[in-house]
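Asks: When you get a sec, could you give me coordinates for this:
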Amino acid sequence: MIVGIIRLRVRLPGNHSLKGKRRVVKSLIGQVRSRFNVAVSEIALNDVWQRAEIGISTIGNSQPTINSVLDKILEFIERTCLVEIIDTDIEIIHMGK
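Replies: So this is what the prediction gives:
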């Protein structure tokens, strides 16, 4: 089993309230979850208006497949223009017998 994880730090330009931030982040999380069938959650910076940290994970049995899914997720997030990606950390974990 192979686990792929993305820790994504984003900026929400032009956002001026927590309510606005939550609306954008919730929309982005819902779109990613439904389109790619992955686990997604806001994991940090919950009380900061213009920044968010989002965790995304998926599992499979092929590293090229996991890499492809993670790359497509990042491309999708960039295309939505809802947020500006500041930093990404990607980790691939091989769980052996």
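
Asks: residues making contact with stretch 4-14?
Replies: Contact partners of stretch 4-14, identified using Cβ atoms under 8 Å, 6 or more residues apart in numbering, comprise 20-21, 24-25, 43, 45, 49-60, 66-67, 69-70, 73-74, 77, 82-93. (C-beta placed from N, C-alpha, C; glycine too.)

Asks: Quick check: buried residues in that stretch?
Replies: Going by neighbour count (16 or more other Cβ atoms under 10 Å), the buried part of stretch 4-14 is 4-10, 12.

Asks: now swap in stretch 35-44 and tell me
Replies: Counting neighbours by 16+ other Cβ under 10 Å, one finds that the buried residues in stretch 35-44 are 36, 38, 40, 42.

Asks: Next up, the contacts around the second one.
Replies: The reference is to Val38. Remark: with contacts taken as Cβ under 8 Å, 6+ apart, Val38 is in contact with 32, 56-58, 69, 73.

Asks: Just among the residues you listed, which is most surrounded?
Replies: Within the contacts of Val38, Ile56 tops the neighbour count with 25 neighbours, counted by other Cβ atoms under 10 Å.

Asks: Could you dump the buried residues of stretch 4-14 into CSV with secondary structure and pLDDT added?
Replies: Below are those laid out as CSV (DSSP: H, G, I helix; E, B strand; the rest coil; pLDDT from 0 to 100):
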residue, secondary structure, pLDDT
Gly4, strand, 96
Ile5, strand, 97
Ile6, strand, 96
Arg7, strand, 97
Leu8, strand, 94
Arg9, strand, 96
Val10, strand, 95
Leu12, coil, 92
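
Asks: related to what we said a few turns ago, if you look at the buried residues of stretch 35-44, which of them are in helices?
Replies: Judged by DSSP state H, the subset of the buried residues of stretch 35-44 located in helices is Phe36.

Asks: Contact partners for the nearest residue to Ile43 once chain neighbours are set aside?
Replies: On the basis of Cβ to Cβ, 6 or more residues apart in numbering, the spatially nearest residue to Ile43 that is not a chain neighbour turns out to be Gly55, at 4.2 Å. By Cβ under 8 Å, 6+ apart, the contact list for Gly55 reads 5-8, 39-43.

Asks: No more questions from me, cheers.
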